[in-house]
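**Student:** Coordinates for the following, if possible.
(one chain, ligands or ions: 1)
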Amino acid sequence: MNKISIPTTPKKIIFCKKCVISNQRPNSSVEMKNSGEKKQTIAFNKNGICSACLYHEKKKMINWQERENLLFKLLEKYRSKNGDYDVLVPSSGGKDSSFASHVLKHKYGMNPLAVTWAPNMFTDIGFQNFTNLSKIGNIDSILVTPNGLVHRLLTKKSFINLGHPFQPFIHGQKVIGPKIANKFNIKLIMYGENQAEYGNPIQENNNFFMDPIFYTNDKPRTIMFGGETIDNIIRNNNKINFNDFQTYIPLSKDTVNKSNIKVSYLGYFEKWDPQECYYYAVKNTGFQPNDERSEGTYSRYTEIDDKIVPMHFYMTHIKFGIGRASYDASQEIRNQKITRQEGVYLVKKFDGEFPKKYFYDFLSYIDCDEDLFFKTVDKFRPNHLWQKSKNNWILKKAVYS
Ligand SMILES: [Zn+2]
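**Tutor:** Here you go, the predicted structure:
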């Protein structure tokens, strides 16, 4: 059975007139139902502006003082009277979650517990930042590390079948917060930024509680990794059984209803600026940037904790024509850190750069040889995005062409 599934995105490629993102950008999906084929993509208005840029325009109209008052009210409802943890921050030790947990504790007087879903392969700087959040930022934290055999297998399946090696990690990151919150009787989960910042439907941002569809499931055996259900994966692999999937199984709807766990994000209440979060985390939680830029982009301080991240963005460049520099530049254009012209230049210079630094770590992690790797990559190049010229693959249409 051929399980390979190539996502379909609009055949006509257009680029946002304000940032450098294209209409090929997929929205965040419910990963546990992701079979790979049909992708919801970022919306554009009739003037050629993407919904992430429109959301940023809308943000200028928000009365942030009112929002902060609303946050105080919300937190008051959950604030612990007896010293128990009262808010859980799904964390990676990255700048955003470090910022979120630190302000919740020191500005809003909450008692947060940071919970980290372990990266596939911690980088040195990532592990240092993870421990610094507790050692220097003084935030209690828990690290949840899934079964290595299972996680490597799922990551391999996701790479081979969906061209999406990051899928099991993203899944875990979405479900682990509510799962651990339930164990500690914590009723509020607070993420940092919101998906609408990057182009998910703006209406998802009208409610400050996340739709439980993202973190509940009543049929765990049907959860999909790499386009296959857990049941199917177990059937074809005698080394693992259903119990090995314990960390991946979300809470049921019933449990969430009964416990009244709510998931929210600070970005609804505070004007979110990734660069400001970075400065804040450096100052308050011992966060350190890398000493060199990440491959595929120009930045040194976003998503630097996992050796697999550069491969994740390499694959988004293959599947959607959108690499890491496109994501970084679009965000920085929206936050007025760089101009669109600078963004176009940065995309041309860095997007799609091959992630060679951890390439062999990745191959050995998923037990894949070079031949299978490159064959897999080429399978995920959509015809409307790529053409071959003298043995080189080039994008048919780029923001700089
Ligand atoms: Zn845009």
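**Student:** Could you list the residues of the chain in contact with the ion?
**Tutor:** Within the chain, the residues that sit near the ion (Cβ under 5 Å from the ion) are C16, K18, C19, C50, C53. Every C-beta, even on glycine, is put in place using the N, C-alpha and C of the backbone.
**Student:** Just say helix, strand or coil for the residue lying closest to N241 once chain neighbours are set aside.
**Tutor:** The shortest distance from N241 to any non-neighbouring residue, by Cβ to Cβ, 6 or more residues apart in numbering, is to I234 (6.0 Å). Under DSSP: H, G, I helix; E, B strand; the rest coil, the three-state class of I234 is helix.
**Student:** give me phi/psi at the residue nearest the centre of the chain?
**Tutor:** What sits nearest the mean C-alpha location of the chain, by Cα atoms, centre = their mean, is I170, with 6.1 Å. Note on I170: backbone dihedrals following degrees, to the nearest 10 are phi -60, psi -40.
**Student:** now F15
**Tutor:** Main-chain dihedrals, F15, degrees, to the nearest 10: phi -110, psi 140.
**Student:** what do you get for I142?
**Tutor:** Main-chain torsions, I142, degrees, to the nearest 10: phi -130, psi 140.
**Student:** That one: how many residues sit nearby?
**Tutor:** Per other Cβ atoms under 10 Å, the neighbour tally for I142 reads 15.
**Student:** Repeat that for Y298.
**Tutor:** The local packing of Y298 (other Cβ under 10 Å) involves 18 other residues.
**Student:** V309 too?
**Tutor:** 26.
**Student:** Ignoring the adjacent residues along the chain, who's closest to it?
**Tutor:** In this structure, V309 finds its nearest non-sequential neighbour in E303, 4.8 Å apart by Cβ to Cβ, 6+ apart.
**Student:** Check which residues of the lowest-mean-pLDDT helix or strand in the chain are buried.
**Tutor:** Lowest mean confidence among the helices and strands of the chain (mean pLDDT, DSSP states H and E): helix 51-59, at a mean of 91. Within helix 51-59, the residues that count as buried by 16 or more other Cβ atoms under 10 Å are S51, A52, C53, L54, Y55, H56, K59.
**Student:** if I look at the residue nearest to the first one when sequence neighbours are not counted, how far off is L162?
**Tutor:** Distances taken as Cβ to Cβ, 6+ apart place A43 nearest to S51, at 4.5 Å, with adjacent residues excluded. In this view, A43 and L162 are 23 Å apart by Cβ to Cβ, to the nearest Å.
**Student:** What of I142?
**Tutor:** On the measure of Cβ to Cβ, I142 and L162 end up 29 Å apart.
**Student:** ditto for Y345
**Tutor:** Distance of Y345 to L162, computed by Cβ to Cβ: 32 Å.
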